[in-house]
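Participant: Show me how the following folds:
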Amino acid sequence: MPSKFLINAASVLLLLAACAPQAELVKTRSDMNDVRTDIRTLKERVQDLQKRIDSLDANTKGTSDTQKALADYGARADQLAMDIQLLQGKLEENNFRISELGQKLDDRGVKIAELSSRIEALEKAKAGAAGAAATGQTTTTKAEPKTIEPSEAYRQAKSDYDKGNFELALTGFQYYLVHYPGTSQADAARYWIGECYYSLKEFDKAIDSFARVIKDHPKSDKVAGAKLKIGLSYLNERNSAKAKEYLRRVIKDHPGTTEAKIAKDRLAKIK
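Facilitator: Residues are numbered from 1 along each chain as shown. Just a heads-up that it's a prediction; the model follows:
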């Protein structure tokens, strides 16, 4: 009874500990939404200023008032552009924080599940010991292997990828998806599986993996990269028609991104 009480108490403590990063995660996501709204507003203001500058420049040239107005609008546009850059930096920082918090929640969720499993095992062992004592038999309890935390499994796989050990990284990311399919890094793991296949020049498998990212995680920040890599995979398979289709999708669906710029460059080189 005391052991069961201690285990239950530990489980409650883990649940309470998970509440802190969960609350911070909600706050960070709220902050990100505010930052995105601010960026959209600033971009609209920059576009409005640019239209005014073009109008002044086209209709009234050469006067000192016009030159002063153009200089004023130009200075304001530069300031707004700087504000946008600062906000985008803040957005990237919040993205990093969300990734870290998500991994912490993943780890604690696994610990809670592991602890619950141990409780059940102890209760079964206790019941078995009682039955064995009644019949005069002896029982042995096998120690369960320690479960690797999701964040560590992901880190190891990504480290292998960064070192160029693509086959080892592929195994690691596949292990992650099998054991932790509903965690915060599942979309990233699926994406890196595609990158592993791409690096191994298995482009058909890379296309399938990247397509799964788009299908299973449509709101992931990996979607733009997945579409780009599908286009590049088709390009490597000398399927220009499909390559153009996906490169154009990147440009249309994700304007202003690094992926869109790369897609434009590659599209221009396709004959």
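Participant: Buried residues, stretch 212-226. List them.
Facilitator: Arg212, Val213, Ile214, His217, Ser220, Lys222, Val223, Ala224, Gly225, Ala226 (16 or more other CB atoms under 10 Å). In short, each C-beta sits where N, CA and C put it, glycine included.
Participant: Give me the pLDDT value at the fourth one.
Facilitator: The reference is to His217. Note on His217: pLDDT of 94.
Participant: for it, phi and psi?
Facilitator: phi -130, psi 60 (degrees, to the nearest 10).
Participant: and the closest residue to it other than its chain neighbours, what does it touch?
Facilitator: Nearest residue to His217 in three dimensions, chain neighbours excluded: Asp187, at 3.8 Å (CB to CB, 6 or more residues apart in numbering). Applying CB atoms under 8 Å, 6 or more residues apart in numbering, we find Asp187 in contact with Val213, Asp216, His217, Ser220, Lys222.
Participant: Among those, which lie within helices?
Facilitator: If you go by DSSP state H, the contacts of Asp187 have Val213, Asp216 in helices.
Participant: burial measure for Thr257, as a count.
Facilitator: Neighbour count for Thr257, taken as other CB atoms under 10 Å: 16.
Participant: low pLDDT regions in the stretch 1-150 of the chain?
Facilitator: The model of the stretch 1-150 of the chain has pLDDT under 70 over residues 1-147.
Participant: quick one: secondary structure of the closest residue to Lys222 other than its chain neighbours?
Facilitator: Leaving aside its chain neighbours, Lys222 sits nearest to Tyr191 (4.2 Å; criterion: CB to CB, 6+ apart). Under DSSP: H, G, I helix; E, B strand; the rest coil, the three-state class of Tyr191 is helix.
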